[in-house]
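**Student:** Show me the folded form of this:
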Amino acid sequence: MLATEASKTSKTQIQTGFVVAVTSVAALGGLLFGYDTAVISGAIGFLQIHFALNAVNVGWAASSALAGCVLGAIVAGLMSDVFGRRKVIFLSAIMFLASAIGTALASSFDWFVVFRILGGIGIGAASMASPLYIAEIAPVRWRGRLVALNQFAIVTGMLLVYLVNYQIARLGSDLWNQSTGWRWMFASGALPSGLLLGLLVLVPETPRYLATKGKYAQAHAVAARIQSGSAGDLEVAAIEKQGNQEAARWVFSPLIVRVLFIGIVLAVLQQVTGINVFLYYAPKIFAQLGSTTHTALLQTVLVGAVNLAFTVIAMATVDHVGRKPLLIVGSVGMGICLSAMGLAAAYSSIGSWQLTFVLGYIACFALSVGPVTWIVLSEIFPTNIRGRAMAIATVALWGANFFVSQTFPMMNESEYLVSRFHHGFPFFVYAAFCFLQILFVWIMLPETKNRSLEEISESWRLKGVSLV
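**Tutor:** Residues are numbered from 1 along each chain as shown. So this is what the prediction gives:
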């Protein structure tokens, strides 16, 4: 196959500087995704007091952005296949900027929610477009670690905003934070938003998108900047050949239902295993364990640091170990740590040692489910429908995220559940989904490392033909 030839000849022809530069700019969309998603963690306690929120409204404050994420992913999926991946990232940066300013100036909880939803639209768009852009521009043997770079940027954004929240909270008393400090936490997002807008003018569209639109001269020009010599030409030729021969088959084939099913289930499982409970509510959880406000925020910074460190390990190993082994090992570790947290809470065995289980869970997620899910979603769909198909999976992901974020405060504060499990019940639920994820990955997910996007698409088609 042409794609195979390209992958074999690319070893000494990759234009490292260009590839790293453009994927790093695209990954800034991931940084904003992480920053804007996690900023709520430091502000949620102050918001609850400032706006006198009940448990349902606390959940809505955290999850309102996720409602926007669903809409953002839907719109971005259509726009990315029509207007291109780069323009969608640009649009998301504009929405991040507007959300940062709007939430900081919100005069009421309703206006706060409006601007959080607007920011959520940007998050949903960036969560789909940034890894999609990177996957389509990355050389085959670097694709896993470069798409993982987007996850690295996401957790960097989270760690950065945890540090910013902590420093802002230290500027004044609890009363000042309840009236003003939380506004500065949201306003700080304007800086990285402006940086992304400025740098995007230097980034080209992906050769795969250009080829699907018949712009082969432009596609060859960009491909040559990624891989010099014949490798770039072979890659574009493989894209052109597949686009001409397979478009109708994929659009109308039941094969896409099978691939979509795998993508949707993986996306949902990433969320229902509980990660965003810790990312959004970490200070609140640590406060339940007896920490003061400042200590809880500092422990949240530690969560972000562990998340970042183990994402780096994932980047270094995913193209060598493979996607499936990392997902399985990480899910096992997550399930064990969640079960331990649930048992400790259920038997009121609360102590500082519980932080070890939280950090163990975060480490396992960052090593596997966090980055690898996005890598797989960016790989398994065929080029001509990749934007729309990934959008569907991303919508499912954000829908699951919304559900988990909205229901955690209700489960955590339910008198019935607390009377029987104390605060352990949610952790048992998330642990059960971890073990379900192990079975699903083992049975359903093919390994995609060291295969071009065209080879992956072709392998699905051939499997379908053999089953008919």
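
**Student:** can I assume Trp182 sits in a helix?
**Tutor:** Yes: counting by DSSP: H, G, I helix; E, B strand; the rest coil, one finds Trp182 located in a helix.

**Student:** shaky segments in the protein?
**Tutor:** Counting by pLDDT under 70, the chain has low-confidence residues at 1-14, 228-255, 280-299, 348-353, 413-423, 461-468.

**Student:** Nearest residue to Trp111 in space, please, no chain neighbours.
**Tutor:** Nearest non-adjacent residue to Trp111, counting by C-beta to C-beta, 6 or more residues apart in numbering: Gly102, 7.4 Å away. (Glycine included, C-beta is placed from N, CA and C.)

**Student:** Thought Val114 was touching that neighbour, still the case?
**Tutor:** Yes: using C-beta atoms under 8 Å, Gly102 is in contact with Val114, at 7.3 Å.

**Student:** need the contact list for the residue nearest to Trp111.
**Tutor:** With C-beta atoms under 8 Å, 6 or more residues apart in numbering as the criterion, the residues that contact Gly102 are 111, 114-115, 118.

**Student:** What is the nearest of the residues you listed to Leu31?
**Tutor:** Leu31 has its nearest neighbour among those in Leu118, at 18.4 Å by C-beta to C-beta.

**Student:** that older thread, okay if I get the contacts of Gly102 as TSV plus neighbour count?
**Tutor:** Shown next, in TSV, are the contacts of Gly102 (neighbours: other C-beta atoms under 10 Å):
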residue	neighbour count
Trp111	13
Val114	17
Phe115	23
Leu118	21
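
**Student:** Specify which member of those is nearest to Leu439.
**Tutor:** Nearest to Leu439 among these is Leu118, at 38.5 Å by C-beta to C-beta.

**Student:** Sticking with that closest one, tell me its helix or strand.
**Tutor:** Using DSSP states H and E, Leu118 maps to helix 109-137.

**Student:** Which other helices and strands does that helix contact?
**Tutor:** Packing contacts for helix 109-137, counted by 3 or more C-beta pairs under 8 Å, 6 or more residues apart in numbering; DSSP states H and E, involve helix 16-50, helix 55-82, helix 85-105, helix 143-169, helix 207-212, helix 369-379, helix 386-413.

**Student:** In the helix or strand following the shortest one, which residues are buried?
**Tutor:** Following the chain from helix 207-212 toward its C-terminal end, the next helix or strand by DSSP H and E is helix 216-226. Buried residues in helix 216-226, defined by neighbour count with 16 or more other C-beta atoms under 10 Å: 216, 218-220, 222-226.

**Student:** from these, which is closest to Ala21?
**Tutor:** Distance to Ala21 across the buried residues of helix 216-226 (C-beta to C-beta) is lowest for Arg225, with 10.2 Å.

**Student:** Now that closest one. Nearest residue, chain neighbours left out?
**Tutor:** The nearest residue in space to Arg225 (C-beta to C-beta, 6+ apart) is Phe18, at 5.0 Å.

**Student:** How many residues are close by the one you found?
**Tutor:** As a burial measure, Phe18 scores 17 neighbours (other C-beta atoms under 10 Å).

**Student:** Likewise for the one 5 residues further on?
**Tutor:** Using other C-beta under 10 Å, Thr23 has 23 neighbouring residues.

**Student:** Not counting its neighbours along the chain, what's nearest the residue most central in space within the chain?
**Tutor:** By C-alpha atoms, centre = their mean, the chain has its centre lying nearest to Ser127, at 5.5 Å. Excluding the flanking residues, the one nearest Ser127 by C-beta to C-beta, 6+ apart is Phe33, at 5.4 Å.

**Student:** Now do the contacts for that neighbour.
**Tutor:** Going by C-beta under 8 Å, 6+ apart, Phe33 touches 123, 126-127, 130, 153-154, 157.

**Student:** can you list those in JSON lines and add distance to Asn450?
**Tutor:** Shown next, in JSON lines, are the contacts of Phe33 (distance: C-beta to C-beta, whole Å):
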{"residue": "Ile123", "distance to Asn450": "31"}
{"residue": "Ala126", "distance to Asn450": "27"}
{"residue": "Ser127", "distance to Asn450": "25"}
{"residue": "Ser130", "distance to Asn450": "23"}
{"residue": "Ala153", "distance to Asn450": "24"}
{"residue": "Ile154", "distance to Asn450": "24"}
{"residue": "Gly157", "distance to Asn450": "29"}
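
**Student:** gap between Ala391 and Trp398?
**Tutor:** As judged by C-beta to C-beta, to the nearest Å, Ala391 and Trp398 stand 10 Å apart.
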